[in-house]
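Peer 1: take this sequence and fold it.
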Amino acid sequence: MAGADAESDASASQGLLPELEKTLSRIHDGVETWMQVSRASRYVRDLVLRNPDWLGCLIDDGLLDRDLQGTELSSALNQCLQEVTQEEQMMAKLRQFRHQHLLRIAWRDISGQTSVAQTLRELSWLAEACIDISLQWLHKLLQSRFGQPIGRESGQSQSLIVLGMGKLGGQDLNFSSDIDLIFTYPEQGMTQGGERSLSNEEYFIRLGQKLIQTLDRVTEDGFVYRVDMRLRPFGQQGRLALSFDAMEHYYQTHGRTWERYALIKARPVAGDIDSGQQLLQRLRPFIYRRYLDFNMLDDLYRLKQAISDKAKGEQECNDLKLGPGGIREVEFVVQSWQLVYGGRYPDLQTSRIMEAMQAAIRHHLVIPEDAETLQSAYYFLRQAENRLQQYQDRQIHHLPDDKSGRLRIAVSMGYNSLEVFESQLDRHRAEVSRQFESTFGGNDVQPVDESSKNRYVRFWSLIETADINTDTTLDDELAAFSVVQPRLQEFFLKNRPLLPEAARRALRQLMPVMLEMVLELDENQEEVLKRFLTMLQAISGRTNYLVLLAQNPHILDFVLRCCSMSQWLSRQMARFPLLLDSLIDHRQWLHDHDQRHLPEELSRILDGRDDMEDWMEGLRQFKLQQVFQIACQSIFSDLTAMQTANRLTAVAETILNEILARLWQELLDRSKREGPGIDQSGLALIGYGKLGGREMGYTSDLDLIVLYDPGRFKLEQSEGIRLVRRMMHVLSAYTPSGVLYEMDARLRPEGNSGLLVTSMQAFV
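Peer 2: Purely as a prediction, here's the structure:
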């Protein structure tokens, strides 16, 4: 054993006073567990030696044998402060309570009696209990002088609400973490019933200041938590507490992408929890956008670069949090999924990282194997981080520089060999780095000749500044570009008057990379460039799409492959640029042939589209995206011709079910009748031809007849006919995204002269 650990062993052995030895004898393997825990945590060792009765009390109460819940911690602390009337006494008891439960949590964690996830939860619940019970105590203190804050509009009592951010909000707090908080309250007003009246804002600012002092101040018993308020609106310059209206106005007016990123973790941890949840519900449209926000993608790319640059710093290499493959990179991967797709998939809207990871698996944003390795790495890193901090209750993230210190961490995590521990650490960090690098803007597709990049940049600069014309002879370095020069020059001159500066910057980044990719093709270079520029022409006025392609080489590469393999795909992207939205996660859906998620995806797209025209446009957008994805799968993955036909048929069936369900409900509403859902209505669509045989192609129409069982629900024939005509209109009406399908009803009994709806009996 190295020197530092031998010293810890000696100190632990000397600590076995008769009283402590007697206490340890009441625990199974008590002395061995004490040696294990005291070696790993000098902080726990010193607590026990200074307060030998604490360990005995934990044993008597059975608290070393089981996990605790947050309600138990709150109840215990509330009971502890029940008779306290002086602030100094309250602060002392609060600090002692924290030390006692950190002793309990560290003992169970180091001795292997609980999971890493439970340890993180209990650390978070301990912080929540300290914040909430302190807040209640201080509120009573201020209320006795200034009265109760009352809302001006509602006339209801008001409460300060504490939002936990970061790891506290995500219930992932580490052992010696500071806590990131935001203070808010429901509405403006005045206090009533006290010696002196204050505005609600002033009252809650005073209460917040008291709370910070209670938690943060260092006394002879230490401190409770270091409090960081910099995430509040306007940061350190902002008011300490804001009303709900002021919070909402700030984020709508001034909110930035990093604040959306931070608010993912926001969770009410003290005060009026229900009102806090209502505030977060009001802020959800700011945090989670219904539509893809490419400006946000640009900001995420910059944030990722900042994280990557910091991780590469020499001083960060051994940092479990900020170093390469560290905790922050795991958080970035998961929170990026949440920001980009949270508006689309509500179950991603969670402050808990593992819940978000499971939702990402369900929606095919990550393959289960990658999620499993990411989760394993996360818990390994978090356990190592806790072992670092448990040693002396210090907020550190760097592994020790000395071998003995690193060996102490390894042994505390169950590794007898430093080499095995470091091998596991390297493996986990490498996996995190791989997934981090491939997340949004991952440079997995790089220009093959790094030294030649200046040629491409220089050539596009000449195009952009109009320093070459059709008669110009290019020098030897740029001679290879002569074949593409006229077409590029024509494209730029045609679009130059319409391009804002932001679009020009994006093209400046995009075009050299695109040129290198095209000129590396073995064949078809001119045709690919022609198709790509036709698509680029269609999106040239949409800077967001240019930014998407410029900052995501893997998406640009896929677009060029589409242009190379299929003129139809390139035409679709040019005609309907919204298809580029789905390329963000093309690596997830490209090999996913599961049809079961189609109704869920359609429901997501149609969510909130109450207007009939908007709803019809949503149906068409769904079809465009699904058919585009199926075409890509048939070209680039292993989708067979039969599977392609099945997928196209499943898309049509999903759309028909949605249309019929809505029109049926409208019929019931219009006639003011109660009735069953469409599945019990007695109304049925019967598919013939390619629809009936599940053999649909990309341009197939729908051969349909409509049958009705009058024994199920009384429906006038005229109502049924009107419903079918409405359905035909929904299918064939032209919107900005085209038509859905042509419906052919000529196969019904008596053909074109027959009724659009036939009863089951008449059909038989």
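Peer 1: what's the neighbour count on the spatially closest residue to residue 500 that is not a sequence neighbour?
Peer 2: Counting by C-beta to C-beta, 6 or more residues apart in numbering, residue 500 lies nearest to residue 543, which is 6.5 Å off, once chain neighbours are set aside. Every residue, glycine included, has its C-beta placed from N, CA and C. Summarising burial for residue 543: neighbours were counted as other C-beta atoms under 10 Å, giving 22.
Peer 1: likewise residue 69?
Peer 2: Neighbour number of residue 69 under other C-beta under 10 Å is 12.
Peer 1: thought it was touching residue 125?
Peer 2: Yes: under the criterion of C-beta atoms under 8 Å, residue 69 lies in contact with residue 125, with a separation of 7.1 Å.
Peer 1: how close does the residue nearest to residue 500 get to residue 178?
Peer 2: As defined by C-beta to C-beta, to the nearest Å, residue 543 lies at a distance of 39 Å from residue 178.
Peer 1: just residue 79 next, same as before
Peer 2: 27 Å.
Peer 1: and the host helix or strand of residue 619, average pLDDT?
Peer 2: With secondary structure defined by DSSP states H and E, residue 619 is part of helix 612-636. The average pLDDT for helix 612-636 rounds to 92.
Peer 1: next, residue 102: phi, psi?
Peer 2: Geometry field for residue 102 lists phi and psi as phi -70, psi -40, criterion degrees, to the nearest 10.
Peer 1: hmm, it is touching residue 122, no?
Peer 2: No: taking C-beta under 8 Å as the contact criterion, residue 102 and residue 122 are not neighbours in contact, 9.8 Å apart.
Peer 1: if you count surrounding residues, which of these two has more?
Peer 2: Neighbours were tallied for residue 102 and for residue 122 using other C-beta under 10 Å; the higher tally belongs to residue 122 (25 against 21).
Peer 1: mind giving me the packing neighbours of the helix or strand encompassing that one?
Peer 2: In the assignment (DSSP H and E), residue 122 maps to helix 116-146. If contacts are counted by 3 or more C-beta pairs under 8 Å, 6 or more residues apart in numbering; DSSP states H and E, helix 116-146 sits against helix 70-80, helix 87-110, strand 161-164, helix 166-169, strand 179-185, helix 200-216, strand 267-270, helix 368-392.
Peer 1: show me which positions of it end up buried.
Peer 2: The neighbour-count criterion (16 or more other C-beta atoms under 10 Å) identifies 116, 119-139, 142-143, 146 as the buried residues of helix 116-146.
Peer 1: and the strands in the stretch 201-350 of the chain?
Peer 2: With DSSP state E, counting those that start in this stretch, the ranges of strands along the stretch 201-350 of the chain come out as 227-228, 241-243, 267-270.
Peer 1: dump those to CSV, plus distance to residue 733 and mean pLDDT.
Peer 2: Listed next are the strands of the stretch 201-350 of the chain as CSV, based on distance: least, C-beta to C-beta, whole Å; pLDDT from 0 to 100:
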stretch, distance to residue 733, mean pLDDT
strand 227-228, 55, 96
strand 241-243, 47, 96
strand 267-270, 45, 97
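Peer 1: just put these in JSON lines and tack on distance to residue 21 and mean neighbour count.
Peer 2: Below are the strands of the stretch 201-350 of the chain laid out as JSON lines (distance: least, C-beta to C-beta, whole Å; neighbours: other C-beta atoms under 10 Å):
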{"stretch": "strand 227-228", "distance to residue 21": "40", "mean neighbour count": "17"}
{"stretch": "strand 241-243", "distance to residue 21": "51", "mean neighbour count": "23"}
{"stretch": "strand 267-270", "distance to residue 21": "40", "mean neighbour count": "24"}
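Peer 1: JSON lines for these, including distance to residue 343?
Peer 2: What follows is these, written out as JSON lines (distance: least, C-beta to C-beta, whole Å):
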{"stretch": "strand 227-228", "distance to residue 343": "28"}
{"stretch": "strand 241-243", "distance to residue 343": "25"}
{"stretch": "strand 267-270", "distance to residue 343": "19"}
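Peer 1: so which of those comes closest to residue 667?
Peer 2: When these are ranked by proximity to residue 667, the top entry is strand 267-270, at 43.9 Å, counting by C-beta to C-beta.
Peer 1: direction included, what does that closest one pair up with?
Peer 2: Within its sheet, and counting by DSSP bridges, strand 267-270 is paired with strand 161-164 (antiparallel).
Peer 1: just the CA trace of the partner strand, in PDB.
Peer 2: What follows is strand 161-164 as a C-alpha-only set of coordinates in PDB (Å, rounded to 0.1, in the frame of the first residue of the first chain):
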ATOM      1  CA  ILE A 161     -40.300  29.200  -5.200                       C
ATOM      2  CA  VAL A 162     -36.700  27.900  -5.500                       C
ATOM      3  CA  LEU A 163     -35.800  26.300  -8.900                       C
ATOM      4  CA  GLY A 164     -32.900  23.800  -8.700                       C
END
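Peer 1: surely residue 138 is in contact with residue 211?
Peer 2: Yes: Residue 138 lies in contact with residue 211 (C-beta under 8 Å); the separation is 5.9 Å.
Peer 1: re earlier: contacts made by the helix or strand just after the helix holding residue 122 with the rest, please.
Peer 2: Towards the C-terminus, the helix or strand next in line after helix 116-146, according to DSSP H and E, is strand 147-151. Residues outside strand 147-151 that contact it (C-beta atoms under 8 Å, 6 or more residues apart in numbering) are 156-159, 185-195, 197, 200, 203-204.
Peer 1: now strand 147-151: average pLDDT?
Peer 2: Per-residue scores along strand 147-151 average to 95.
Peer 1: got it, and stretch 497-510?
Peer 2: Computed over stretch 497-510, the average pLDDT equals 83.
Peer 1: how about that stretch, which residues are buried there?
Peer 2: In stretch 497-510, residues buried by neighbour count (16+ other C-beta under 10 Å) are 499, 503, 506-507, 509-510.
Peer 1: which of these sits closest to residue 276?
Peer 2: Each of the buried residues of stretch 497-510 was scored against residue 276 by C-beta to C-beta, and residue 506 proved nearest at 40.0 Å.
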